[in-house]
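Engineer: need a structure here:
(chains A and B)
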Protein chains: 2
Amino acid sequence: MNILITAGPTREPIDAVRVLTNRSSGQMGCSVASAASNRGHRVHLLLSHAATTKAPEGELTTQHFNSTADLDHLLDRHFEDTDVLIMAAAVSDFIPESFTEDGKLNRKEGATNLRLNPAPDLVAKLARMKRPGQIIIGFALEPSTEMEERATRKMREKGLDAIVANPLETMESAKISGILLTADGKRWEAAAELDKAAFAEWLLDHVEDLSSRSVKAC
Amino acid sequence: MNILITAGPTREPIDAVRVLTNRSSGQMGCSVASAASNRGHRVHLLLSHAATTKAPEGELTTQHFNSTADLDHLLDRHFEDTDVLIMAAAVSDFIPESFTEDGKLNRKEGATNLRLNPAPDLVAKLARMKRPGQIIIGFALEPSTEMEERATRKMREKGLDAIVANPLETMESAKISGILLTADGKRWEAAAELDKAAFAEWLLDHVEDLSSRSVKAC
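Structural biologist: Prediction:
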């Protein structure tokens, strides 16, 4: 399969040096990319410049992004040739209005308000464009108390084929306790606190199964 | 000498996952730490969790920080035993008022304003506490048109012994075109576009000289 994987946080510029971003390390997406490549899939990885995880070695290609707009362009370019898109990147929901005068915000000017505008929903846009047989898997990082309800709602609203629900504690951790929910109402729970490399293998077993069923249905 | 070095960006939490930070990679501070350790100095490195540069190997100790408050605590703990502090970290000038309700800001609620309050000036506080013989070197990342004037003003206002003035383009780059300015009015210009490792050696030559003059003057 041709698998397109995104990993790590987008960074939205506020001024010449400052950014709005999140604590995503890129480790989950890099683990999936590495595992998928080792299984013989053709993998293209879109990895954040801000990820603290290095791009995996091996038979895969990697491109880097900074902002949500960068990632949007790269997705537009590569989605056409993709059988499965796995959106493990932590994409910003907000774009700050930038302060560009003078290059840098100045502390001496005292407290200030930064306007945050809603960002475009990249994966929802791709889901509206996808061809029969193409599969999109999202990730939902949610407070553990409402994790599954929120993830299910996101999957439906965005038009995804499946979503990995995982708690806020996953961010920056080497481990993940994830649940895979699919658009046809199925639910698979991985063993708790798996290493991200082990979770990647578990996830790919399900993704390969989803994809073969989707291709047959075409 | 006992050298305390800070490297990389602080990350100020906005909610459970989002942060205000900057594009600093931590590479300049890590290069100085590595070079100082190789010269036989006793080096303690305070390195951002968000740095994309890994802590150097060798005879030095490293601790990690996230927020400005974390870094403040670590500096308070280690400054006492320090002969030379080199503040290469990119410390936030602003602390966002956090949105904690519900764990995460919600895009569906539309545009929002994030209040940014001025952050405490960590290095200025240490400069007020320092003993005779202790040396503090700061970094000023400034637009190239007003770089030296601004860096000189920062050095004086913060009470630093010296400051490295460098242009905004240094951030995330492997190279630096830096100028060292000292409180007694001296100015040294490094060769343009040095690798950060080469700049670190150049800087340490000057730091060792400054420190020996400062100790003699006590």
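
Engineer: so how far is chain B from residue A:2?
Structural biologist: 28 Å (Cβ to the nearest Cβ, to the nearest Å). Using the backbone N, CA and C atoms, a C-beta is placed for each residue, glycine as well.

Engineer: got a list of what that residue touches?
Structural biologist: A:41-42, A:44, A:81-84 (Cβ atoms under 8 Å, 6 or more residues apart in numbering or on different chains).

Engineer: residue ranges with poor pLDDT in chain A?
Structural biologist: Within chain A, the stretches with pLDDT under 70 are A:100-103.

Engineer: so residue A:200 sits in a strand?
Structural biologist: No - Residue A:200 is assigned helix when assessed by DSSP: H, G, I helix; E, B strand; the rest coil, not a strand.

Engineer: and the contacts of residue A:2 as a markdown table, adding distance to chain B and secondary structure?
Structural biologist: Below are these laid out as a markdown table (distance: Cβ to the nearest Cβ, whole Å; DSSP: H, G, I helix; E, B strand; the rest coil):
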| residue | distance to chain B | secondary structure |
| --- | --- | --- |
| A:41 | 27 | coil |
| A:42 | 27 | strand |
| A:44 | 21 | strand |
| A:81 | 29 | helix |
| A:82 | 25 | coil |
| A:83 | 29 | coil |
| A:84 | 25 | strand |
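
Engineer: which of these count as buried?
Structural biologist: When neighbours are counted using 16 or more other Cβ atoms under 10 Å in any protein chain shown, the contacts of residue A:2 contain these buried positions: A:41-42, A:44, A:82-84.

Engineer: what helices or strands is the helix or strand harbouring residue A:86 leaning on?
Structural biologist: Using DSSP states H and E, residue A:86 sits in strand A:84-87. Judged by 3 or more Cβ pairs under 8 Å, 6 or more residues apart in numbering or on different chains; DSSP states H and E, strand A:84-87 is in contact with strand A:2-7, helix A:122-129, strand A:135-142, helix A:196-217.

Engineer: so which of these is the most surrounded?
Structural biologist: Mean neighbour counts were taken over the helices and strands packed on strand A:84-87 using mean count of other Cβ atoms under 10 Å in any protein chain shown, and the top value, a mean of 26, falls to strand A:2-7.

Engineer: give me the angle between that one and helix A:196-217.
Structural biologist: Per axes from the mean of the first three to the mean of the last three Cα atoms, to 10 degrees, the angle that strand A:2-7 makes with helix A:196-217 is 140 degrees.

Engineer: strand A:2-7 pairs with which strands?
Structural biologist: Here strand A:2-7 has these sheet partners by DSSP bridges: strand A:42-48 (parallel), strand A:84-87 (parallel).

Engineer: winner for burial among the ones you listed?
Structural biologist: With neighbours defined as mean count of other Cβ under 10 Å, the strands paired with strand A:2-7 peak in mean count at strand A:84-87, which reaches a mean of 26.

Engineer: return the alpha-carbon coordinates of it using CSV.
Structural biologist: Presented in CSV, the C-alpha positions along strand A:84-87 are these (Å, rounded to 0.1, in the frame of the first residue of the first chain):
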residue,chain,number,x,y,z
VAL,A,84,-4.1,5.0,3.5
LEU,A,85,-3.6,8.4,5.3
ILE,A,86,-2.7,8.2,9.0
MET,A,87,-2.9,11.6,10.6
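
Engineer: can you name the residues in contact with the following helix or strand past the strand holding residue A:86?
Structural biologist: Under the assignment DSSP H and E, the closest C-terminal helix or strand after strand A:84-87 is strand A:94-96. Residues outside strand A:94-96 that contact it (Cβ under 8 Å, 6+ apart): A:12-14, A:20, A:68, A:114-119, B:105, B:107, B:112, B:114.

Engineer: closest to residue B:6 among those residues?
Structural biologist: Proximity of these to residue B:6 was ranked by Cβ to Cβ; the top entry is residue A:14 with 21.8 Å.

Engineer: for the closest one, which non-adjacent residue is spatially closest?
Structural biologist: residue A:96 (4.9 Å; Cβ to Cβ, 6 or more residues apart in numbering or on different chains).

Engineer: right, and residue A:17 touches residue B:141 too?
Structural biologist: Yes - at 6.4 Å, residue A:17 counts as touching residue B:141 under the criterion of Cβ atoms under 8 Å.
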